[in-house]
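Novice: quick one, structure for this:
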Amino acid sequence: MSNNLTVVILTFNEQIHIQRCIESVCKLTDQIMVVDSYSTDNTCNISVEHGAKVYQNIFINQAQQFQWAMDNCDIESTWVLRLDADETIDSEMVSNIKDFMANDGYGHNAGILNRKHIFLGKWVKHGGRYPLPMLRLFKRGTAHVEQRWMDEHIVLDEGTAKVIDGGFEDNNINSVSWFIDKHNKYATREMVDIMLKRLRPESSSEITENTGFAIRLKRFLKESVYMQLPYFVRPFLYFNFRYFLQLGFLDGGRGFAYHFMQAFWYRALVDLKCIEVERLWQSCTDDASKVSALAQYSGYELQ
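Specialist: Numbers count the residues shown, from 1 in each chain. Have a look, this model is predicted:
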């Protein structure tokens, strides 16, 4: 076990996931920080029972919550690993992370983990969903988290990143109704990012070359290709690209449900919310009033 690593886990009502998550990393370190958004279930008690230190902070978005953790959780270790409560790593990944840190990252400042997504108990292998590279392990002081409402990444400011092999799994076991509610909230946050960027076109992707080519390419394609297409055309094309060209149909019935909901329904919902806000903006006279209308619609405090 190494005390040279701190694991940061963000939680809200994650009692069905948090034990599994903590147990997957407990052989890596005993520095496990759970940053909780005032859960009303047993998340905090379970976290403490399994060796984690619990902090609580009002949730605004994932990016701000993780930054709050970095600023307030007394993290002194060389390395930091970020996980969501419904994510786990396997023994091979644990071993490879240990080797990576023991060898000072083999000259790298960050590790990229290839996440696989489990939907209704089935691994979604196709449709561009695996491998899904995410920079999650980094040397403290060499990276920062993008301040976005949705799709935030940890961005490497110094050095390079290396892919670390092993199992990294996202397996949320909540209901389909929960999945729909979550993506409805995600759609609002993604819409906020889109509409704010229209008001502030100078803002652009913060993804650096250091962070990794695949991660940077994905952001480029989203902003420079997908977002330039007309409403509802883009989710239609994206779903067909994933389902047919990227062989999503090989994932079977549950795979179809996942690709349809995540690649078409969710992204069409984002477009629909953008149209709603555009209608609100028709009565606005300046950018400040547009931001105010967007804040009122979304329920978020915007600047």
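Novice: just name whatever secondary elements the one helix or strand L135 maps to is in contact with.
Specialist: Element membership for L135, per DSSP states H and E: strand 132-139. Other helices and strands packing on strand 132-139, by 3 or more C-beta pairs under 8 Å, 6 or more residues apart in numbering; DSSP states H and E, are strand 79-84, strand 110-119, strand 154-156, strand 161-171, helix 213-224. Quick note: C-beta positions are derived from backbone N, CA and C, even for glycine.
Novice: distance from the first one to the middle of the chain?
Specialist: Using C-alpha atoms, centre = their mean, to the nearest Å, we find the averaged C-alpha position of strand 79-84 to lie 12 Å away from the chain's own average C-alpha position.
Novice: residue numbering should commence at 47 henceforth.
Specialist: Shifting the count to begin at 47 puts that one at strand 125-130.
Novice: any buried residues in it, and which?
Specialist: 125-130 (16 or more other C-beta atoms under 10 Å).
Novice: so after that strand, what's the next helix or strand?
Specialist: Going down the chain from strand 125-130, the next helix or strand is strand 133-135, by DSSP H and E.
Novice: which stretches of the protein have low pLDDT?
Specialist: 47-48, 249-251 (pLDDT under 70).
Novice: residues contacting the longest helix anywhere in it, please?
Specialist: The longest helix of the chain (DSSP state H) is helix 222-245. Taking contacts as C-beta atoms under 8 Å, 6 or more residues apart in numbering, the residues outside helix 222-245 that touch it are 107, 166, 194-197, 218, 220, 249, 273, 307-308, 311-312, 315-316, 319-320, 323, 333, 336-337, 340, 344-346, 348.
Novice: kindly recompute the last result at 6 Å.
Specialist: Here helix 222-245 makes contact (C-beta atoms under 6 Å, 6 or more residues apart in numbering) with 194-196, 249, 312, 315-316, 319-320, 323, 333, 340, 344.
Novice: show me where the stretch 47-196 of the chain has its strands.
Specialist: Secondary structure of the stretch 47-196 of the chain, counting by DSSP state E, counting those that start in this stretch: strands at 51-57, 78-82, 99-102, 125-130, 133-135, 156-165, 168-170, 178-185, 189-191.
Novice: could those go into TSV alongside distance to G213?
Specialist: Shown next, in TSV, are the strands of the stretch 47-196 of the chain (distance: least, C-beta to C-beta, whole Å):
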stretch	distance to G213
strand 51-57	16
strand 78-82	19
strand 99-102	26
strand 125-130	13
strand 133-135	6
strand 156-165	7
strand 168-170	11
strand 178-185	13
strand 189-191	23
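Novice: understood, closing this out.
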